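Trainee: I would like to see how this sequence folds:
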Amino acid sequence: MPQNPAHCLEALKVELQKQIARRLAINKDFSDYSGQDISLFQEDLLAECQSSVSEKWFYTHLKNQNPKLPRIDVLHLLSRYCNYASWEEFCRQHEKEPLKASPKRTKFWLLPIVFLLMAGLSYFLWPQSRKVNLKFIDAYTQNEIPLKSLSIQKINQEKRGLSLPRAEAEANDSLEIKGAYYKTQKVQVAEVDTLRIALYPDDYALMLNYFSRSDVQDLKKRQEQLLEAIHPEAKIFQSHPDFQGIELLNREEFIERLLLPIDPLRNLEIQDIVYREGSIYRLRFVQKND
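Mentor: Have a look, this model is predicted:
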């Protein structure tokens, strides 16, 4: 048992935050994590250590301060994620070291004052940016794409990762647009009243969606198409909202369950898709009941 478990826990949080930043490029304090950030961490933890933590646990022990020590099995899990053999090994290496606070947590009380001063100066010294309405169009059908089916983020250097709550941006903003069934696209916002942005459908995502909603006519042909579309080392995550869990599948398991003649995967709704070498490398989906 560590001599100072509380000290070790704080050190593990700092190390965990650095590891997530290296692996997932999420450079935030845990208190600032969004639901999507938490979900990405859960998936990476599951892929790396074959186990994960719940969103409730993240809020209880990382997003908020909690004086209680987490369960020992979770401490082992997070220590392994940070490349230590166990919680005990992590503590042995850190108990004698002074705890280095995350720079984002130091003098936190000064941030609101600094923010107000900067906001006041910017209002008087710089003109207000021009607002531009955004309209997203399917490049093939020319139909409008609803905002709720897309994820739009500003990727300006000073505003990286800021999600847009509505179809509106500022002139000269750089945007990254993602959709489960559309290819990722980066756009520079022009100084116009309304900017039409054409998005191209993701053929593989649409193929998976179609396969899950139609009867198998040629099993061998569909199997060959899926093997070509999915990377051999792909990790596929099936969300189970009713049980607040995630199931990990490899390529072969996913294809077999998709093509099963009895009780196959049906009505897939793709939540996120990542490609490597032109093939699906990461896939997250949920099975709809309707």
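Trainee: Domains in this protein, by residue range?
Mentor: Domain ranges of the chain: 5-108, 131-199, 203-287, per automatic domain parsing.
Trainee: which residues in the protein form helices?
Mentor: 5-24, 35-49, 55-58, 72-81, 87-94, 111-125, 203-211, 219-229, 251-259 (DSSP state H).
Trainee: With respect to these, which exhibits the lowest mean confidence?
Mentor: In terms of mean pLDDT, the lowest-scoring of these is helix 111-125 (a mean of 61).
Trainee: which residues touch the closest residue to Ile255 other than its chain neighbours?
Mentor: The spatially closest residue to Ile255, leaving aside those adjacent along the chain, is Leu226, at 4.7 Å (C-beta to C-beta, 6 or more residues apart in numbering). (Glycine included, C-beta is placed from N, CA and C.) Residues in contact with Leu226 (C-beta atoms under 8 Å, 6 or more residues apart in numbering) are 211, 255, 258-259.
Trainee: Save the residues you listed as CSV, and put in neighbour count and distance to Asn172 too.
Mentor: Shown next, in CSV, are the contacts of Leu226 (neighbours: other C-beta atoms under 10 Å; distance: C-beta to C-beta, whole Å):
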residue, neighbour count, distance to Asn172
Phe211, 21, 42
Ile255, 21, 45
Leu258, 19, 44
Leu259, 16, 48
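Trainee: what's the farthest-apart pair in those?
Mentor: Across those, the longest distance by C-beta to C-beta is 9.7 Å; it joins Phe211 and Ile255.
Trainee: hang on, the earlier thing: any chance of the domains of the chain in a markdown table, plus distance to Met118?
Mentor: A markdown table is the format used below for the domains of the chain (distance: least, C-beta to C-beta, whole Å):
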| stretch | distance to Met118 |
| --- | --- |
| domain 5-108 | 16 |
| domain 131-199 | 11 |
| domain 203-287 | 34 |
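Trainee: And Leu175, how far from Ser34?
Mentor: Separation of Leu175 from Ser34 (C-beta to C-beta, to the nearest Å): 17 Å.
Trainee: what do you get for Leu62?
Mentor: Distance, Leu62 to Ser34, using C-beta to C-beta: 13 Å.
Trainee: same thing with Gln17?
Mentor: From Gln17 to Ser34 the distance is 15 Å (C-beta to C-beta).
Trainee: And these two? Which one has more around it.
Mentor: Counted by other C-beta atoms under 10 Å, Gln17 and Ser34 do not tie: Gln17 has more neighbours, with 21 against 12.
Trainee: Would you confirm that the more buried one contacts Phe30?
Mentor: Yes - counting by C-beta atoms under 8 Å, Gln17 does reach Phe30; the two are 6.4 Å apart.
Trainee: Now do the contacts for Thr184.
Mentor: Counting by C-beta under 8 Å, 6+ apart, Thr184 touches 176-178.
Trainee: Hmm, Ile246 and Ser54 touching each other?
Mentor: No - using C-beta under 8 Å, Ser54 makes no contact with Ile246, being 10.0 Å away.
Trainee: OK, contacts around Ile72?
Mentor: Residues near Ile72 by C-beta under 8 Å, 6+ apart: Trp87.
Trainee: distance of it from Gln188?
Mentor: 51 Å.
Trainee: Point out where the stretch 51-200 of the chain drops to low pLDDT.
Mentor: 96-116, 119-129, 157-165 (pLDDT under 70).
Trainee: nearest residue to Leu46 other than its sequence neighbours?
Mentor: Nearest one to Leu46, counting by C-beta to C-beta, 6+ apart, is Ser52 at 4.1 Å.
Trainee: what do you get for Ser239?
Mentor: Distances taken as C-beta to C-beta, 6+ apart place Val286 nearest to Ser239, at 4.4 Å, with adjacent residues excluded.
Trainee: can you pull up the bridge partners for that neighbour?
Mentor: Ser239, Glu269 (DSSP bridges).
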